[in-house]
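[1] kindly return the folded structure for what I paste below:
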Amino acid sequence: MTPLARLARLAGLGVIALILVYLALPTLVIVPMSFSGATYLSFPPESWSLGWYRQVAENPAWRSAAGNSLVIGLSSALIATILGTLVALALARGRIFAASLVSAMVVAPMMLPHIILAIGLYPVMLDLGALRTYTAAILGHAVIALPLVFITVSAALRSYGGSLELAAMTLGANPWQSFWRVTFPMIRAGVGVGAILAFATSFDELLLSLFLTGTTTRTLPRLIWEQLSDFLTPTIAAVATLVFAFSLILIAVAALLQPRSRGSLGAFNG
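    Next up, the predicted model:
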């Protein structure tokens with residue numbers, strides 16, 4: 001390696017390090033503040049305590065909001081995963097007129113500002129009598145989560161042709177058997193990653209929750225927003241740290257799916 005190439009490599013590594021530091025900087029501030037012994041947000045903390053985590057665990061409002069976020073997140077992720085997978089299969093394997101236009105319409109909720117979607121969904125849910133209920137929040141979150149599943153599953157389908165599916169049907173498999181025994185093993189990594197992304201998107205969504213949820217269905221992001229307006233204490237930092245740790249777990253699970261899928265797919269092909 002020439003000196004110039006070595007210098008360029010070091011410069012590239014330096015830029016990457018700066019980007020990582022920039023991305024991690026908010027976390028490096030929030031996490032220490034969650035262990036502060038003071039009654040207000042301060043950095044660096046003058047003393048250390050786990051009291052704010054105890055307050056979060058003992059406060060029924062935080063437990064209820066976390067439970068609502070899990071219920072809404074899992075339900076909306078399930079809906080988005082099923083519909084996103086079906087749409088991706090239809091566009092990849094079917095002969096649909098104006099498939100590019102349909103794809104653009106499916107991805108559109110991810111491109112539009114969520115405030116626009118929230119304003120649009122609000123009167124619809126109001127007319128249906130579902131406003132402030134779990135139904136409104138689940139359907140609203142499923143709208144913004146579906147494009148993520150569609151993209152990941154579509155990418156997985158593009159990696160494999162339809163010849164194996166045709167061979168299975170030629171040998172007597174019906175469409176469901178062909179999907180479950182041939183197609184799904186090939187795309188399950190994409191389906192799994194899409195489901196995780198859909199859940200994470202719902203779990204972190206604020207704007208739709210502000211418009212569609214009520215006091216009994218409010219999610220964790222909405223409660224954090226409300227607490228920021230009324231009680232600016234290290235409790236917020238403690239909750240943010242817990243959410244961050246939970247997000248890291250989801251990222252780790254998503255990262256583990258791909259290697260496992262490749263191994264199982266290799267066995268399947270073998």
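
[2] all contacts plus neighbour counts: C-alpha atoms, from now on.
    OK.

[3] for the protein, just list every one of the helices.
    Using DSSP state H, the helices found in the chain span residues 3-34, 51-58, 60-93, 99-111, 114-128, 134-158, 163-170, 175-178, 184-204, 207-212, 220-230, 234-269.

[4] lowest-confidence stretch among those helices?
    Comparing mean pLDDT across these, the weakest is helix 234-269, with a mean of 70.

[5] between the helices of the chain, which one is closest to residue 43.
    Minimum separation from residue 43 across the helices of the chain (Cα to Cα) falls at helix 3-34, 6.2 Å.

[6] on that earlier part again, pipe the helices of the chain into CSV and attach distance to residue 42 per row.
    Output for the helices of the chain, formatted as CSV (distance: least, Cα to Cα, whole Å):
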stretch, distance to residue 42
helix 3-34, 6
helix 51-58, 14
helix 60-93, 22
helix 99-111, 36
helix 114-128, 32
helix 134-158, 34
helix 163-170, 60
helix 175-178, 58
helix 184-204, 25
helix 207-212, 27
helix 220-230, 15
helix 234-269, 8
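
[7] for residue 40, find the nearest of these.
    Across the helices of the chain, residue 40 has its closest neighbour in helix 234-269 (6.1 Å, Cα to Cα).

[8] any idea what sits nearest residue 63, other than its immediate chain neighbours?
    Leaving aside its chain neighbours, residue 63 sits nearest to residue 57 (7.0 Å; criterion: Cα to Cα, 6 or more residues apart in numbering).

[9] ok, the one you found touching residue 65?
    No. Counting by Cα atoms under 8 Å, residue 65 is not a contact partner of residue 57; they are 11.8 Å apart.

[10] okay, these two: which has more neighbours?
    Taking other Cα atoms under 10 Å, residue 57 and residue 65 do not tie; residue 65 has more neighbours (21 against 13).

[11] tell me the contacts of that one?
    By Cα atoms under 8 Å, 6 or more residues apart in numbering, the contact list for residue 65 reads 217-220, 223.

[12] dump those to CSV, plus neighbour count and distance to residue 174.
    Below are the contacts of residue 65 laid out as CSV (neighbours: other Cα atoms under 10 Å; distance: Cα to Cα, whole Å):
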residue, neighbour count, distance to residue 174
217, 23, 42
218, 26, 44
219, 30, 42
220, 27, 44
223, 20, 49
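
[13] and residue 45, which of the helices of the chain is closest to it?
    Of all the helices of the chain, it is helix 3-34 that lies closest to residue 45, at 6.2 Å by Cα to Cα.

[14] would you mark the buried spots in that closest one?
    Residues of helix 3-34 classed as buried by neighbour count (16 or more other Cα atoms under 10 Å): 27, 30-34.

[15] repeat for stretch 136-154
    For stretch 136-154, burial by neighbour count (16+ other Cα under 10 Å) applies to 136-154.

[16] what's that stretch in contact with?
    Residues outside stretch 136-154 that contact it (Cα under 8 Å, 6+ apart) are 72-73, 75-77, 79-81, 83-85, 87-89, 92, 106-110, 118, 121, 125, 130, 187, 190-191, 193-195, 197-199, 201-202, 205, 208-209, 212-213.

[17] need the buried ones from these selected in ChimeraX.
    Buried subset of the contacts of stretch 136-154, written as a ChimeraX selection, criterion 16+ other Cα under 10 Å:
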select :72,73,75,76,77,79,80,81,83,84,85,87,88,89,92,106,107,109,110,118,121,125,130,187,190,191,193,194,195,197,198,199,201,202,205,208,209,212,213
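
[18] ok, residue 132 - contacts?
    Neighbouring residues of residue 132 by Cα under 8 Å, 6+ apart: 212-215, 217.

[19] any idea how far residue 144 is from the closest residue to residue 250 other than its chain neighbours?
    Residue nearest to residue 250 in three dimensions, not counting chain neighbours: residue 196, with 6.7 Å by Cα to Cα, 6+ apart. Look at residue 196 and residue 144: by Cα to Cα, to the nearest Å, they are 13 Å apart.

[20] got the contact list for residue 170?
    Applying Cα under 8 Å, 6+ apart, no residues contact residue 170.

[21] pretty sure residue 207 contacts residue 116?
    No. If you go by Cα under 8 Å, residue 207 and residue 116 don't touch, sitting 9.6 Å apart.
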